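Undergrad: Coordinates only, no sequence provided:
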């Protein structure tokens, strides 16, 4: 059988499938199901900056700060109160998962300021987390704030957290940067050991009858893999950090694509929520089968084989691909179906 082992954030993992942040990490029972199904590591649901600073927040504050941007956000839960665990309870959950599971546990902090939550990273380390993932998101609504100012805030934030912990540090980014490779390099220089691409953005909706702002959650679809796949392929070999692909990973073939692009691991949540924890076993079996069919003996042998620096046509990841996609659309095929 092919060797599925990989290294991510300095952690030796049995395979490249990681369960990303979701309600499945809230209870030991469901987290154990993930481990038994084969995932190599588990990212805990996020502890939000606002949870450390305040006991409760109004919905309009969440809207302004972009809380609904994440797969592990409050929209998975029936009400804010159930999810908004006090910071100390989050630490207790880390300890509980570490006592009961053997796979690495990656804690998650969600915020965008240099507040007290940065210091909380040390407490997370002391609680036994194997690594820490920072979800950086700030909805810039002030027309006077420049992109450079916001990026500088992110860099300072990573530097601050890096100075407070020794455990590996990953940064989870959005795709909405004008020069993504530049900010990626700066974050790595600031101390990030890994980059996670990308956060999915869940935007609030309007209830026209109640005239209220309401959450509107949709799980990822396999075609959403293309955006992070492209950027992983571009960044591989250009930034000195491990890359994790998340969003749109639903099958073993999706894992294979992620590794070929240059990712160290592929992270999934939606597929596990849709099909149950046992779907991880199916995904890993599909990956094994694909590797055997294509004569790959190890994941390490695959990594980056289709990255921008490795393919015969690097422009496929740039503007040339845009023109090819448009020219490949067949209007005649639509006309035939309509008839």
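TA: Here it is on my side, so go on. Please read these numbers as outputs of a predicted model, since none were measured by experiment.

Undergrad: didn't residue 255 look like it was pressed against residue 16?
TA: Yes. When contacts are counted by C-beta atoms under 8 Å, residue 255 is listed as touching residue 16 (6.0 Å). Using the backbone N, CA and C atoms, a C-beta is placed for each residue, glycine as well.

Undergrad: okay, and the common contacts of those two?
TA: 266, 287 (C-beta atoms under 8 Å, 6 or more residues apart in numbering).

Undergrad: in this protein, what secondary structure element scores lowest on mean pLDDT?
TA: helix 80-83 (a mean of 44; mean pLDDT, DSSP states H and E).

Undergrad: any idea which helix or strand comes after it?
TA: Under the assignment DSSP states H and E, the closest C-terminal helix or strand after helix 80-83 is helix 87-100.

Undergrad: can you list the residues that contact that next one?
TA: The contact list for helix 87-100 (C-beta under 8 Å, 6+ apart) reads 25-26, 28, 31-32, 42, 44, 47, 51-52, 85, 105, 107, 120, 123-124, 127-129.

Undergrad: got the angle for the next helix or strand after that helix vs helix 87-100?
TA: Sequence-wise, the next helix or strand downstream of helix 87-100 (DSSP H and E) is strand 105-111. Orientation note: strand 105-111 sits at an angle of 160 degrees relative to helix 87-100 (axes from the mean of the first three to the mean of the last three C-alpha atoms, to 10 degrees).

Undergrad: So what are the sheet partners of strand 105-111 and their directions?
TA: Its sheet considered, strand 105-111 pairs with strand 41-43 (parallel), strand 47-48 (parallel), strand 131-136 (parallel) by DSSP bridges.

Undergrad: Looking at the ones you listed, which is nearest to residue 206?
TA: strand 47-48 (23.7 Å; C-beta to C-beta).

Undergrad: show me where the stretch 201-339 of the chain has strands.
TA: Applying DSSP state E, counting those that start in this stretch to the stretch 201-339 of the chain gives strands spanning 205-207, 212-214, 242-246, 265-268.

Undergrad: So which of the ones you listed is the most surrounded?
TA: For the strands of the stretch 201-339 of the chain, average neighbour numbers computed from mean count of other C-beta atoms under 10 Å are highest in strand 265-268, which has a mean of 29.

Undergrad: tell me what that strand is packed against?
TA: Using 3 or more C-beta pairs under 8 Å, 6 or more residues apart in numbering; DSSP states H and E as the contact test, the elements touching strand 265-268 are strand 17-19, strand 242-246, helix 252-261.

Undergrad: try 6 Å
TA: strand 242-246 (3 or more C-beta pairs under 6 Å, 6 or more residues apart in numbering; DSSP states H and E).

Undergrad: List the contacts of the strand it packs on.
TA: Outside of strand 242-246, the residues within contact range by C-beta atoms under 6 Å, 6 or more residues apart in numbering are 8-9, 20, 194-196, 228, 232, 258, 262-267.
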